[in-house]
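Novice: pasting the structure only:
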């Protein structure tokens, strides 16, 4: 397997801890030689999306993902509809940014609920309600299954197979606007990983590939992801599986690391990402 | 569904934080009206197993589980064999205690390894090596799939379906000594929970049922389990699934809670368990 070239690699801005204005972050990522980035809504919405899009185009960067959906499940019908509307607005920004996909982190159980089935139904309905709009805008929706430890609060979609079943049900003939974001951090443990990835690949559903590492021990369930190479995920094997399944898109680094990487100078973090992408991924 | 009777309920001694000698813990559990308990090896091995067994028999308590196996995966062949031998010794103690099952927490990746497949092979081999001995001693082995957040350090078996496939491969005709321990904390998020439990039930593989709750937020990946009713697991639904699948054994409470329940007086913890078992489980 060939070593990754940086122009095939993208930096999710969360990796730098959102410590600087987005325009500075975009410049740093371009200067470090990466081919793309994945910005977050709160960064884009705090400024002018047209200006951001212009800067990104001028630097010839790809936008590998736009992060991320408002959670779908809600305790009230009014809130449920508001969540969908919020996602429609974000889809418009994703289109303006020319994003490869809009990442769907679907949400967990609504406050006070223990009903996983009901939450999953709301997710089904919510994504279904966005699909037409996504097609019109030309932006792919990327369902991102999250690690099962997030089932309570962040995502009731927790395996690749479950995301695939959802995609197939909503869009059986694959119209091209509903896929899956595969993130090694969430899926590395799956007992049938190769089969699951191969299956979504055969159906042309892989629209993003995110890397980081699983640290042993992990000290925080959200903010202690590792730099590639510092944990226990076999990243070369994982990329081989994803590429064997037909994925030829970019590799996006997404590391939440409050006490480690977010405390270091952004350029040092980017240099380390570049080195690790080329050596261990 | 009928409310649980306490004589169908068991207390895993970890729930009390291992703060007192085992004989005191056993007395407390019996006095509180529970029908069983699940002791840990370090407690039993620190004293005399024959004496413990005698006390338990005199109080007419069931031993719902004996906790737990030495991890199987090892970095060296010598260590791998030593782990199996350690489990054979524990099986003998389980037999003397009259335990319903010996709980197999199978272990994660060996130090320095990123090879999940190799670790899983070692688990296969290790359980296979114990199966004859278990049959001779009349103690069932209970594979306990652990939550995927423990795949790195504690268990490379992370779903009910994966445990089932392992059991079926090693013991295709179900000789009666290889089953699965279903713990709500580890499995509640599974997308096909009902199907998975129903499938192991139809094959008479459910040998233990453990309850606690998943707290939102969870502040520690190991030691922040919730008391039943304090989290987001639909425990009545879960018991209904397990009993509909044919399980009629005991319900064991297993709560690791360093900063909450382990700081409270043991009798108060037992009273709360009793109340919650009868009201929310």
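Specialist: In hand now; what should we look at? Only a predicted model underlies this, so the values are computations on that prediction, with no experimental measurement involved. Numbering: from 1, shown residues only, chains lettered A, B, ... in the order given.
Novice: residues touching the residue nearest the centre of chain A, list them.
Specialist: Nearest to the mean C-alpha position of chain A, counting by CA atoms, centre = their mean, stands residue A:103 at 5.1 Å. Residues in contact with residue A:103 (CB atoms under 8 Å, 6 or more residues apart in numbering or on different chains) are A:38, A:65, A:66, A:67, A:68, A:69, A:142, A:144, A:181, A:208. C-beta here means a position set from N, CA and C on the backbone, and glycine is covered the same way.
Novice: Reformat the residues you listed as TSV; add neighbour count and pLDDT.
Specialist: Below are the contacts of residue A:103 laid out as TSV (neighbours: other CB atoms under 10 Å in any protein chain shown; pLDDT from 0 to 100):
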residue	neighbour count	pLDDT
A:38	30	98
A:65	29	98
A:66	26	98
A:67	24	98
A:68	20	96
A:69	27	96
A:142	29	98
A:144	26	98
A:181	31	98
A:208	27	98
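Novice: out of those residues, who's nearest residue B:189?
Specialist: Nearest to residue B:189 among these: residue A:144, at 15.6 Å, using CB to CB.
Novice: Nearest spatial neighbour of that closest one, chain-adjacent residues omitted?
Specialist: Residue nearest to residue A:144 in three dimensions, not counting chain neighbours: residue A:181, with 4.0 Å by CB to CB, 6 or more residues apart in numbering or on different chains.
Novice: Could you do residue A:8 as well?
Specialist: residue A:250 (5.4 Å).
Novice: for residue A:75, same thing?
Specialist: Nearest-residue entry for residue A:75: residue A:110, 4.3 Å, with adjacent residues in sequence omitted and distances by CB to CB, 6+ apart.
Novice: and what of residue A:199?
Specialist: Once flanking residues are discounted, residue A:199 sits nearest to residue A:164: 6.3 Å by CB to CB, 6+ apart.
Novice: and that neighbour, what does it touch?
Specialist: Going by CB under 8 Å, 6+ apart, the list of residues near residue A:164 reads A:180, A:196, A:199, A:200, A:203, A:205.
Novice: In three-state terms, how would it be classified?
Specialist: Classification of residue A:164 using DSSP: H, G, I helix; E, B strand; the rest coil returns helix.
Novice: same check, this time on residue A:24
Specialist: helix.
Novice: and what of residue A:142?
Specialist: At residue A:142, secondary structure determined by three-state DSSP is strand.
Novice: Identify the bridge partners of it.
Specialist: On the basis of DSSP bridges, residue A:142 is bridged to residue A:103, residue A:179.
Novice: Can you verify my assumption that it contacts residue A:102?
Specialist: Yes: under the criterion of CB atoms under 8 Å, residue A:142 makes contact with residue A:102 at 6.7 Å.
Novice: Need the residues touching each of these two.
Specialist: Common neighbours of residue A:142 and residue A:102 are listed as residue A:65 (criterion: CB under 8 Å, 6+ apart).
Novice: just to revisit the earlier point, checking my notes, the residue nearest to residue A:144 in a strand, right?
Specialist: Yes: counting by three-state DSSP, residue A:181 falls inside a strand.
Novice: which ones are touching it?
Specialist: Taking CB under 8 Å, 6+ apart as the test, what residue A:181 contacts is A:65, A:101, A:103, A:104, A:142, A:143, A:144, A:207, A:208, A:209, A:210.
Novice: okay if I get those as CSV plus distance to residue A:232?
Specialist: What follows is the contacts of residue A:181, written out as CSV (distance: CB to CB, whole Å):
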residue, distance to residue A:232
A:65, 25
A:101, 28
A:103, 25
A:104, 27
A:142, 25
A:143, 25
A:144, 21
A:207, 26
A:208, 22
A:209, 19
A:210, 17
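Novice: Of those, which is the nearest to residue A:174?
Specialist: residue A:207 (11.2 Å).
Novice: name the element that closest one belongs to?
Specialist: Assessed by DSSP states H and E, residue A:207 sits inside strand A:206-211.
Novice: Near chain B, which residues of the stretch 101-250 of chain A? Just list them.
Specialist: The stretch 101-250 of chain A comes close to chain B at residues A:108-109, A:113-116, A:147-149, A:151-153, A:156, A:158-159, A:161-162, A:165, A:188-191, A:214, A:216-218, A:221, A:231-234, as judged by CB under 8 Å from any CB of the partner chain.
Novice: can I assume the residue nearest to residue A:8 is in contact with residue A:209?
Specialist: Yes: between residue A:250 and residue A:209 a contact is recorded at 7.4 Å, counting by CB under 8 Å.
Novice: residue contacts, the residue nearest to residue A:83 when sequence neighbours are not counted?
Specialist: Once flanking residues are discounted, residue A:83 sits nearest to residue A:70: 4.7 Å by CB to CB, 6+ apart. By CB under 8 Å, 6+ apart, residue A:70 lies in contact with A:83, A:86, A:87, A:90, A:107.
Novice: Okay, strands next: where are they in the stretch 51-200 of chain A?
Specialist: Using DSSP state E, counting those that start in this stretch, the strands of the stretch 51-200 of chain A run over A:62-63, A:101-104, A:140-143, A:178-183.
Novice: what's the third one in contact with?
Specialist: I take that to be strand A:140-143. A:65, A:100-104, A:106, A:127, A:130-131, A:134, A:157, A:163, A:166-167, A:176-181, A:207-208.
Novice: tally of neighbours for residue A:198?
Specialist: Other residues lying near residue A:198 total 16 when counted by other CB atoms under 10 Å in any protein chain shown.
Novice: which residues does the closest residue in space to it that isn't next to it in sequence contact?
Specialist: The shortest distance from residue A:198 to any residue other than its chain neighbours is 4.8 Å, reached at residue A:245 (CB to CB, 6+ apart). When contacts are counted by CB under 8 Å, 6+ apart, residue A:245 is found next to A:197, A:198, A:200, A:201, A:202, A:206.
Novice: If anything else comes up later, I'll come back, but that's it for now.
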